[in-house]
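K.L.:
test case, fold it:
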Amino acid sequence: MPERKALLEGTKILVVDDDMRNVFALTTALESYQVEVIFAENGKDGIAVLQGNPDIDLVIMDIMMSEMDGFETIRVIRQLPEFQSVPIIALTAKAMKNDRKECIEAGASEYISKPVNLDRLFSIIRVWLYR
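P.N.:
Modelled structure (predicted):
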């Protein structure tokens with residue numbers, strides 16, 4: 001387990017979610033792995049934060065947000081040349097049959113449903129950071 005934590009130490013992850021309970025839970029879990037967490041509470045802010053922090057290693061994106069949903073936000077991020085390859089993990093509470101397909105088509109690297117299984121999330125993060 002310590003070597004798994006070491007793999008994430010020092011990485012910078014952007015969490016985009018409008019539910020502060022989710023942000024708190026994800027931030028607490030990520031920081032326990034020595035990850036630097038930055039957050040934005042909607043898609044529009046997420047894009048601005050990403051552009052202001054080009055060294056972000058990975059994005060965790062909620063899909064169901066007001067103002068600008070995760071699908072639209074991911075599409076905009078993928079149009080920005082410097083962020084076309086940044087890994088984006090989409091989160092959704094709906095867990096409908098076509099959610100994964102829609103997320104991938106929008107440009108997400110991977111998809112996970114809520115409630116988030118942290119072991120699965122960390123496994124996905126490691127896969128995408130070390131591809």
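K.L.:
in the chain, which ranges drop under the pLDDT threshold?
P.N.:
Across the chain, the ranges flagged by pLDDT under 70 are 1-6, 95.
K.L.:
stretch 80-96: how far from the chain's middle?
P.N.:
6 Å (CA atoms, centre = their mean, to the nearest Å).
K.L.:
tell me where the protein has strands.
P.N.:
12-16, 36-40, 58-62, 88-92, 110-113 (DSSP state E).
K.L.:
need the ones you listed in CSV with mean neighbour count, can you?
P.N.:
Yep, even glycine has a C-beta here, placed from its N, CA and C like the rest. Formatted as CSV, the strands of the chain follow (neighbours: other CB atoms under 10 Å):
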stretch, mean neighbour count
strand 12-16, 23
strand 36-40, 18
strand 58-62, 25
strand 88-92, 24
strand 110-113, 18
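K.L.:
quick one: the ones you listed as CSV, columns for distance to Q79 too.
P.N.:
Formatted as CSV, the strands of the chain follow (distance: least, CB to CB, whole Å):
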stretch, distance to Q79
strand 12-16, 16
strand 36-40, 18
strand 58-62, 14
strand 88-92, 13
strand 110-113, 20
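K.L.:
G70 is nearest to which of those strands?
P.N.:
Among those, strand 58-62 comes nearest to G70, with 4.6 Å by CB to CB.
K.L.:
report the strands that pair with that closest one, each with its relative direction.
P.N.:
If you go by DSSP bridges, strand 58-62 pairs up with strand 12-16 (parallel), strand 88-92 (parallel).
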